[in-house]
Structure formats: structure tokens, C-alpha cells
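> just need the structure, nothing else, for what follows:
(chains A, B and C)
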Amino acid sequence: MNIASPITLAAVAVMAPLATFLIIGLIAPLRRSGKPAAWVGILGATTSTVAAALLVVDGRSDILIADWLGAGGKFFASIGFQVDGISASMLLVVSLVAWCVQVFSLGYMSDETPAGLGRYYTWHSLFLFSMNGLVMSPNALQLFLCWELVGLASYLLIGFYFRKPSAGRAAVKAFWITKLADIGLGAGLVALYVLTAKASPDGLGSFDWSPQVAQAIGTGGATVVAGLFFVAVMGKSAQFPLHIWLPDAMEGPTPVSALLHAATMVAAGVYLVVRAYPLFQAAPDVLLFMTYLGAWTAIFAAVIATVQTDIKKVLAYSTCSQLGYMVSGLGAGSLFGGYFHLFTHAGFKALLFLGAGALIHAVHSNELTDMGGLWRKMKLSGTAFILGALALAGVPGLAGFFSKDTILEALHASGQTVPWLMLLLAAGLTAFYMTRVVALALFGKPGHHTEHAHEAPASMLIPVLLLAVTAVGAGYMGGPLAKMVGAEYAFHWSMTGIIATSLGLLGIAAGWAIYGARIVTAEQLAVFAPIGNFIRASAVDRSAAWVYRNAMLGLGSGIAWFDRYVVDGVMNLTAWLAMSGGQQLRTFQSGRAGDYVYAVLVGVVLLVAAGLWNA
Amino acid sequence: MPTSAYLLLGAALFCMGVFGVLTRRNAIGVLIGVELMTNAVNLNLIALSRANGHLTGQAFALFSLALTVAEVIVGLAIVLLLYRSHRSVLTDSAVEMKG
Amino acid sequence: MSQHLLDFTVAAPAFAALLLLFIPVRAMNVVRGVSLVGALAHLGGAIAVALNYDRAVGGVQMVSTHAVVPSMGIALTFGVDGWGVPLLLLTAVMLTTGVFASWNVQPRARDFFVLLLLLTSGVAGVFVSLDLFIFFLCYEIAVLPMYLLIAIWGTAKKVEAAGPFRFVWKMLDVGGKEYAAMKLTLMLLAGSALILAAMLALYTGAGSTSFDLRHLAMTTYAPSVQTWGFLAIWIGFGALAGVWPFHTWSPDGHAAAPTAVSMLHAGVLMKLGAFGVIRIGMILLPEGARDWVWLVGSVAMINIVYGAMSAMAQKDLKYIVAYSSVSHMGVVMLGAATLTINGWNGAVFQMVAHGLMTGLFFALVGLVYGRSHSRWVPDMGGFANKMPAVAVFFTIASLSSLGLPGLAGFVAEFLVFLGAWQSGQVIWAVAGLVGAFVTAVYVLRASKSIFWGPGPSEQFHDLTDAHGTEWVALTVLATALIVLGIWPRLGLDFIDIATSEYLPAVAQQTLEALR
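Numbers count the residues shown, from 1 in each chain, chains lettered A, B, ... in the order given. Predicted coordinates for the structure are as follows:
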């Protein structure tokens, strides 16, 4: 197929959302009209999706760059589009999920005012533009530019309900934590530039992530750069201990959580590692750290997810946990494993969030206890949600199984036994908490609103069902995807796969036994309440809040006081000295003419005396 | 008469003038003291002019006289204004320049 | 034509100011009209200069000379280099938007505009002056009207007596507008005294024949002149650039000043200080600069972090923005101290970016203050419900302030950090990045407290969105921020020319090693 050049398609995919952003954003009447603005936004997303699909089918690679920053008349930084297997497939994932979410929002946000809806789609278009720009980045600098822009879109969308104080807090917190981590990416870029500048004959640095660059800067340089990059990855992809913003980010509308905080934006960190993998490969220390940190995050977040009562919080911690999987897989040296899991996870996690959105929309509550028994009312959404849950739990044949298996195999193959065991345990826990959610929300005791609940409208159902297809089928795309990434993949059963599957099934069985079949009573469960409370107390979050309140704000107040009363005080003291000196001297000025004549006389006498003395 | 006699008279006049300026509280008295001082200087100018045989000193004295007239006019005008604003011609009453 | 373009551009506002003196005070619309025409003529001139500047040739262009005191070698010489073009444009944009922002200034609008226009002529004169004497003269013209502008049209804020020096409160009205105006003027004039001394040393050191900067630049000064002259110039001009610890006029001055004055002062005048340090200090006294960059850079580092931390603790909106200027001017000085091409490019770019950003900030602060009659952030909340457009513009300014890519602030800061790391001072770059994070903390916190949340409360009943002429300043400044952020070469291509010309003599290394 040869419809248009790859660059044209990439440009269309990136620029279409920009165009819709500008159209909705700048034309106030359109924005305030609500639905029409929404349709314009969806049109942009559709265009991107079609272009991305054509790009994947096309299969060619190409690059187009424009000089962006320079020094001494030469240029060292550029922006543009890089089309290859990784960017094309990621572009399709992003655009497709964004399309699903935007269509879903038509139904989900139907209670919103027209002006609010217009604003919602403005930010969505901005997000899609930034995310597509990030995906198509030809170098680390452009990725950083778009990285920050998606952070902005995330901030705006989390704070969409800006009248709600908790939404404001969550939005700002998300921005702060990721910005704190982005110090790493900024410093990493600067370091990369300086190191490459030293190595290059003309003294100009670059922001490329090619193997040649990795070779030029050596292991020491690559460790610095990759290590600094990874700090930003920890922030964006919610790795321990910088994961604390992600659960709070659920304050945003549920479709936003699906798109940004589950499927695409949080995966940007993983995508950065995938793109800059030559640099990471040259830094074994960083990879080792990633393996352990990812595994720890996977299990840590999974444990927390088991005790959450808010359906979105469960899914948020689950996202942290799955991102930990990806990071760990990449750390173990499996580029494809990490990327494959990103790919499948985007589908089923978006499905879970949208499915959860349908449930929330039906009962107007996020609490699992308010749901219950929704299965009878919402067969289609319920089925889709269960499919997503099974895919996440790693049931053989569904998407999550294949990608998780790849990561576990990679860890096993690289001999990382401890992280491998942690991830296996996390797999069991994942199956457990997802079963718990399904049992509580869809089956179990009916909640207050269950009676009035009804199936979601078509605009919500279509995206959900489409994503359900990916949750089932994405796993079988492993082969073609591997080819696009430049790896090889063919599934076969192994010891690891069998253990993981058994643990997953065990988790499902345990979850169902406790929360579905209720073979243990509530009183018996209450034994574990202290543990649950301890986990819910979220020590990391509290420590961060403490540091912010006491260390940062305290230091700020101290410095401000010092500035006002000591630094400025010295300036005031100077003025005071001058003025009080004047106060002392003013007594000489009696104002009486006679006194002045005396002074003149004394002066004359003194002058004459001095003259005679010297003569 | 020796020149020194004129100079002594001039010095005496000058000292009286200074004494008047310093001790008088009445502005007119101060003014008279100033007059005595200038006239002492004039006397010196003329005496030294005669002693040296130059006319410059005398010419200068004439200038000085003319200036004195102007000075007295300004001085009296100030006294008059002082009286108008303070209802008094005592110098102690005008201490607006006190720091 | 082109040799008189700079004369015209610089003189246009001053001429309009002169014209205003003959217009009756009551004729408000005529006063506004003449001011606007003066500002637009200045802007037109600046644009013409930019278009006329031949980037392929580079160097100083459009030179015009009028002898003033030939016996002393003083001449009114104007000429524009690669730095002059963007800075002149910045000045013109700030003046034009400033005129719009003070459309309804009261009382004595005519006198206000006279001073504003006069000051701008001074600023523009500094940026294009090729004669040290005229440079200094224009500098003083730019600085002195501030006293009246703040003392007459300013607003006061009481500062509580505390601290080790609390006895001074008996004598000083700390926080009052006369206090602020006087502090600003005295501190800057103390700086001027140092500059004057250094200027005379430069003049005599170069043979007492000419004040021409090009002549002075060819002179190699004695080591003592280099060392002490640079120090005097750094402190002297640095006082205006807000260099720590001589920055304390800035928060009080900017907080007390009326909107347009804050815009121009923080937006352009502070840049004169930094420009003076680079253009006079570093370029004329390269050895002195190399002796002292460790101090200049370290103090700039303090400026960045300390200014940001101080801003974080402020509750008065104007003080937040004023302290953010102290912090961001630190980035300019840091870039200058790196003595690398990226650092200098970044420093000059930051002058432009920060000028636009802080101008937008102060315009918005003025707008919010004018409607809410409050500057106290903790009282505010939910303003976005009543003034959504203002909220959007405030967010844009905030984002540029914290260095978000896509806005001008990012490019400047990034280049400076590149330069800092390249100069071997990794800690400078790290401090800059930390400063950017702290900036994110305080600007977003302020933005959230003012605009987000439910409300606004009863106390703020007459909030309305921007309207009429107010849109002009907001739109122009925000657009400039975005355009320069997306396509920085619009400014950088000019800046880079001058940097490449001036830097090699200062850094005394090959250009290759400096990139």
C-alpha cells in the first residue's frame, strides 16, 4: 500500500489533534457549544487513528527533522518525526485508545455543561497532540518537550473539576511529583549534550539515543545519562516511591484516568526507556536497579490494591504494579517484553477503566460497596469488564498472559531470581485483587443504586466492546509486533509460564472464595483489618506530605524571613544609620542668626590662626 | 596722622560692629552692627589708599558704599517682613531653620 | 533612511513625552492617543530595525553618530547588534502593552505617560548605545523616573516590625510606597556611583580620548582595572539586575509600583542591569570577568534558589511575582557567568523570555487586583469561575515561569543549564533545575489558590473577565511567549550572532570548545 509517504502520515497523525486543539481552544463559541466541539475533537482523534493505522500497514521507516536550537551558527538540536516500527505501533495504540476514550466520554460526560465539555475536549486534543509528538520524537530533546506537555495535559485534565478542592490538590500534586522527577530528565539531557559534545570533533553535542552515541560516551557516561533519565521514568511511570501522585490523579474524570493514567501517558516513561534503550544497555548498573525497583513496585502496589475500596484506586495501584512489570522486564534486558506488555496493558487497562466508568456512571459512586450485583443490570459492560480483569490476571489465551509471560521468562533467563520471584508473587496478587473487584462490583450484595442502574448508552458501549476485542486478541499480535521492534517472538510453554498461570488461577480461586463464594465470614476477615489499615495509611504518601509541609514550606518561610528581616534589615539599617546620624547633627542647626554669626567668626579666627601658624 | 591710627580706629569700629551683631537681639541693632563693620572696612580702604598713594582703594570704598546702601535696603525689607510675619523684630523669634 | 532608524526608534517615545506636555491634562483621549502613537512608532521602529538587520553580515549595523562633546570624545552613537534587535523589540512590546495596561490610570494620567515614555527612551538607548557615556546617561534616564512613578501612583503595604533590626521601624515606614520608591532609587543610584567610577577608569585607561565602546573594547586594561573595575560594574549594574544581596529593592519596589511600571521595570529595566554586566563588564574587561565568574555564578545560583524559596513563602500576589523575578534574573546572571556560547545565548534569551513572562504576570496581577481590591492570595479562590480568560493567561505565564517546553522560558533555561554544565560547574545546572522545580511549586500553588476551587466568596462581588484594551496586553505577551517557545530561532538566530562575535575574546578559548 502506498497512499502517502510515512512522513506525511506521521505529520497528519500529530498535527490533526493540534489543529482540533487550536480550533476548539481559540473559537470560543464552538468551545462553549459542547457537543459540536466534542465531535471536532473526535474527528481529530479519528484522523490520527486512521493515519497511524496506515502507517503501521505501510511499514516503511523514515525521518524528517528541522533545526531547532543552535550555537555559533550551527545547529545541535532538532525536532521532527521519526517513523519506525516502534513509533508507528505506539502511535496506533495511543491514537486508538484516545479515540475510544473520546467517544466514550460523549456518553460519560453527558451531564457536563456545554462549556465544560468544550474545555474537556480542548485538553484532550492537546493531550493527543503532545502524546503523538512524544511518540514520534526523533531524539531525546523532543521527547522531553512533549513529555512535559503531556504532563501539562494531565495536570489540566486531573484538575478538570477545578471547583472541587481535592481535584485541584491532586492536579498540582501530580504536576509537582512528575516535575521533581523531570529534574532527572533535564539533567540527563544536559549531561548527554555535554558528553557527546566532548566526544564530537566539532564540539557540538546532540540529543540522539543511537547506539553510536552510547558507544561514544562510554559506560560511565551512559550510566550518568540513563540513571538521570530513569529518575524521570520513576516519576512519569509511577515507580516507587514517586508513585504517590497516580492514585490521587483518579480525581479526574474516569475516561481521563483510562487514557492518561493507565494506557498511554504513564507508559511514556517505559516508552522513553524503549527509545533510549541503547543508552540503557550501555549502563548495566541502571538496568539492574530497574529490575529490582520495577519488581518491588509491582508487588508493593499490588499489595495496596488488595485493600482499596474505591474501584478506580484499585485500578490505579494495579497500573503502578503493571508499570513495575514493564520496567523490570526492560531492566532484565528484554526490550520486547517491556514494550509488549505496554502494548497489551494499554488495551485491557483502558478497557478496565472504561468498564469501571460505565459502572460508576450507572451508580454515581466509585465505592465498590455501592456497586454490587451490577452484572444482572449490565451484561455487556460487565462481560467486557470481566474479560479485562481476566486479561490482567494473566489467564492463558488473553492478552496479559502472553506479555507477562515474556517478561517473566526474560527475568528467568537473565538469572534475576529475586525479582523473578517477586513478579510471580505479584502475578498471583493481581489475579486476587481483580477477582475481588469483579466479585464485589458485579456480583455480591446489591448496593443502594443497583436497582436504578441500567446498561450504558451506545457511545460508551462501542469503545468498551472494541477494547474488549484487543484484550482478547492483542496477545496474538506478539509476532508481528516483535518484527516491528526488531526482535523475535514465538510463544511456547515453559516452567515459568506454568508457575505463573498456576499462581494466577490460585489468586482467582482465592479471590472468588473470599469475596464471591464468601467461604470466610466478615468477622473472620476482620482479623486482617489492622494490616489493611496499615497499608491504607500509605506511609510513603504521608512522608512526602511531611517533607513538603515542613521541609519545603518551612525552609521557604525561613528564607523569606531571613530576606525580609536580615538581608533587607541590613539595608534598612544603613538607611537608619544615615538618618540617625543626621538626627545627631541637626542639633547644631539652632536656626538663630546670631549662632551662625558666631560660627562664622570662630571659623574666620581659626582660618587666620591656621594661616599664621603655617606662615 | 600715622596710618596706624586710622587702622586702629577701623579695628575698634569693626569690633564694635561684631559685638553688636553678636549681642543685639533686635534685628535693626544687628543691621547697625553690620553697618559699623562695613564702614570699618571702608575706613581701612581709604586709609591704606592714602598711605600707598593709589586711588584704587578709594574707588573701592565708593563701590562698597553703594553696596552698603543696597544691603541696607534688603536688610530693612527683611526686617519689615520679619515684623509682618512674626509681629516682632527680635532675631530669636525667627528660628524656622532650626534642624 | 536606515542610518536614522535607530535615532527615530529611540527618540520616538521621548518625543511623544515632550508632545504630551503641551496637551491639556483633561483631554484624556488625546493623552492616550499620543502615548499610543509614541509607543507604536517605537514598536514600528523596532520591527523595522529587526527587518533591516542583515544576519548574514552580523556585527553592529545601522550606526548613526552625532558628536556631543568632541573634546572629550563623547558622541551620540547608536548601533544595533544581534542582542540589540530582540531586546529593542522586547522594550517596544513592553511599552505598547504597558500603555494599554495603564489605559485608565488615575490620577494625573498625562504625567504618568510622560514619565513612562521618557523612561522607555532611556531603556532603548541603553540597548543600542555604542558610547559608554550615552549608555550611562540613558541608564540614568531609565532609572530615575521610577521614583516618581512609584511614589505617586504606587500602592503601599504594611510590613510588620520584627527581626534583629526592628528598631528601624521607628524611623522608616517599611513597605510604604515612598519607602519603596526611595529604597529603589537609592540602591540603584549607589550602584550608579560604582558604575561611574568604573566608567572613568575605563575612559582614562583607554587614553581619555573616546567613550566609544568599540574603541574601549580594543584596549587591554591593567590587571587592577580589570579586577576592580569588573567588580564595581557587577555590583553597580547587578543591583538593577537583582543580584543577591542587592535585590531587596525589587520585592518592595515591584509590589508598590502600579501595573505598567511593574511590567516595564521587571520586564525590561532589570534586564538593563544584566545587559550592563555582560556588555560593559564582561566584554570590556574580559580578564576581570574571568577572575570573578566563580562569584557571579555562585551568587546567581543563590539568586535562583533563594528567590524561588522566598517566593514560595509569600502570600501577597505581587510579592510572589516580584520574588520570582529575583529568581529568574539569577538564570540570566548564571548564563552570563558560564562564559559559554550556550550560556550567553540562554542569558540573553532569558532576558527576552522573562521580560515577556513577567510582563504578562504583572498585567494579570494588576487586573486581578483592580477587580478584587486584594492581593492577599489566601483570601482568594475560585476566580476562574468569574474570569476564565484571566485564569488561562495566568496559567500560561506560570507555565513559562516554571520552564515548560513550548513556552519561551524553557528554551532560555535549558540553554543556560547546558552552558552551566559545559563550563564544568555541574552544581550550577543542578541548582537551576532545582529552582525550576521550586518555581513549579509556588506558581502552581498560587494559581490554584487564586483561580481554582469553589467560589469566589462574597467579598469579591465585582469580578469580571478581561475586556476591551486589557485583552491587548494579555494576548500579545502570551502569543509572543508561545511563538518564541515553539520556534526559538526567531530570537536565537539574532542573539547567536552577537554572542559568537563577543564571546571568543572574553572566554579566550576556541569557539569549538565552548559550544
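
> nearest spatial neighbour of A:V256, skipping sequence neighbours?
Take A:V256 and drop its neighbours on the chain: the residue closest to it by C-beta to C-beta, 6 or more residues apart in numbering or on different chains is A:L157, 4.4 Å away. For glycine as for every other residue, the C-beta is placed from the backbone atoms N, C-alpha and C.

> and for that neighbour, the neighbour number?
A:L157: 26 surrounding residues under other C-beta atoms under 10 Å in any protein chain shown.

> using CSV, write out every CA atom in the host helix or strand of it.
Using DSSP states H and E, A:L157 sits within helix A:140-158. Provided in CSV are the C-alpha atoms of helix A:140-158 (Å, rounded to 0.1, in the frame of the first residue of the first chain):
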residue,chain,number,x,y,z
ALA,A,140,15.5,12.8,23.5
LEU,A,141,15.0,16.5,23.4
GLN,A,142,11.8,16.5,21.5
LEU,A,143,10.6,13.6,23.7
PHE,A,144,11.3,15.8,26.7
LEU,A,145,9.4,18.7,25.2
CYS,A,146,6.4,16.6,24.6
TRP,A,147,6.9,14.7,27.9
GLU,A,148,6.3,18.0,29.7
LEU,A,149,3.4,18.9,27.5
VAL,A,150,1.6,15.6,28.3
GLY,A,151,2.3,16.4,31.9
LEU,A,152,0.5,19.7,31.4
ALA,A,153,-2.4,17.9,29.8
SER,A,154,-2.5,15.5,32.7
TYR,A,155,-2.5,18.5,35.1
LEU,A,156,-5.3,20.2,33.3
LEU,A,157,-7.4,17.0,33.0
ILE,A,158,-6.9,15.8,36.6
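
> name the helices or strands packed onto the helix or strand that it is followed by?
Going down the chain from helix A:140-158, the next helix or strand is helix A:165-199, by DSSP H and E. Packing partners of helix A:165-199 (3 or more C-beta pairs under 8 Å, 6 or more residues apart in numbering or on different chains; DSSP states H and E): helix A:140-158, helix A:211-236, helix A:245-248, helix C:408-422, helix C:426-451.

> neighbours around the residue in the stretch 451-600 of chain A that chain C sits nearest to, how many?
Closest approach of the stretch 451-600 of chain A to chain C (C-beta to the nearest C-beta) occurs at A:Y565, with a separation of 2.6 Å. Residues near A:Y565, counting by other C-beta under 10 Å, number 20.

> show me what contacts the residue nearest to it when sequence neighbours are not counted?
Ranked by C-beta to C-beta, 6+ apart and with sequence neighbours excluded, the top spatial neighbour of A:Y565 is C:G163, at 2.6 Å. By C-beta atoms under 8 Å, 6 or more residues apart in numbering or on different chains, the residues touching C:G163 are A:W561, A:R564, A:Y565, A:V566, A:G569.

> name the SS class of the fourth one, please.
Meaning A:V566. helix (DSSP: H, G, I helix; E, B strand; the rest coil).

> that one contacts C:P164, doesn't it?
Yes: checked against C-beta atoms under 8 Å, the pair A:V566 and C:P164 is within contact range at 6.7 Å.

> which one of those two is surrounded by more residues?
Just comparing A:V566 and C:P164: by other C-beta under 10 Å the higher neighbour count belongs to A:V566, 14 against 10.

> and the pLDDT for the more buried one?
Looking at A:V566, its pLDDT reads 89.

> and for A:L525?
73.

> immediately after the helix or strand hosting it, which helix or strand?
Per DSSP H and E: A:L525 is located in helix A:522-525. Past helix A:522-525, further along toward the C-terminus, the next helix or strand under DSSP H and E is helix A:529-536.

> could you list the buried residues of that following helix?
A:G532, A:I535 (16 or more other C-beta atoms under 10 Å in any protein chain shown).

> next structured bit after that helix?
helix A:539-546.

> isn't the residue nearest to A:V256 right up against A:L126?
No: assessed by C-beta under 8 Å, A:L157 is found out of contact with A:L126, at 9.1 Å.

> so which of the helices and strands packed on helix A:165-199 is the most packed in?
helix C:408-422 (a mean of 29; mean count of other C-beta atoms under 10 Å in any protein chain shown).

> what's the angle from that helix to helix A:165-199?
If you take axes from the mean of the first three to the mean of the last three C-alpha atoms, to 10 degrees, helix C:408-422 sits at 40 degrees to helix A:165-199.

> helix C:408-422 close to chain A?
Yes: using C-beta under 8 Å from any C-beta of the partner chain, helix C:408-422 comes into contact with chain A via C:F410, C:V411, C:F414, C:L415, C:F417, C:L418, C:A420, C:W421, C:Q422.

> pLDDT added to the residues you listed, as a markdown table?
Converted to a markdown table, the residues of helix C:408-422 next to chain A look like this (pLDDT from 0 to 100):
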| residue | pLDDT |
| --- | --- |
| C:F410 | 92 |
| C:V411 | 93 |
| C:F414 | 92 |
| C:L415 | 93 |
| C:F417 | 92 |
| C:L418 | 91 |
| C:A420 | 90 |
| C:W421 | 90 |
| C:Q422 | 87 |
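
> pull the most distant pair out of those.
The span of the residues of helix C:408-422 next to chain A, defined through C-beta to C-beta, is set by C:F410 and C:Q422 at 18.2 Å.

> so for C:S192, which of the helices and strands packed on helix A:165-199 sits nearest?
C:S192 lies closest to helix C:408-422 among the helices and strands packed on helix A:165-199, at 27.4 Å (C-beta to C-beta).

> give me the neighbour count for A:S95.
Using other C-beta under 10 Å: A:S95 sits among 30 other residues.

> that one sits in which helix or strand?
Using DSSP H and E, A:S95 falls in helix A:85-108.

> which non-adjacent residue is nearest B:Y83?
Excluding the flanking residues, the one nearest B:Y83 by C-beta to C-beta, 6+ apart is B:V89, at 5.2 Å.

> can you pull the pLDDT of that neighbour?
84.

> and the gap between it and C:F393?
Distance, B:V89 to C:F393, using C-beta to C-beta, to the nearest Å: 70 Å.

> ok, the two, which is more surrounded?
Looking at B:V89 and C:F393 with other C-beta under 10 Å, you find the greater number of neighbours at C:F393, namely 24 against 18.

> any weak-confidence spans in chain B?
B:99 (pLDDT under 70).

> now with 80?
Across chain B, the ranges flagged by pLDDT under 80 are B:1, B:91-99.

> OK, now which residue of the stretch 1-150 of chain C is nearest to chain A?
C:G58 (9.3 Å).

> run through the strands of chain C in chain order.
Using DSSP state E, the strands of chain C run over residues C:61-69, C:74-80.

> quick one: closest of these to chain B.
Of those, the one closest to chain B (C-beta to the nearest C-beta) turns out to be strand C:61-69, at 38.4 Å.

> many thanks, have a good one.
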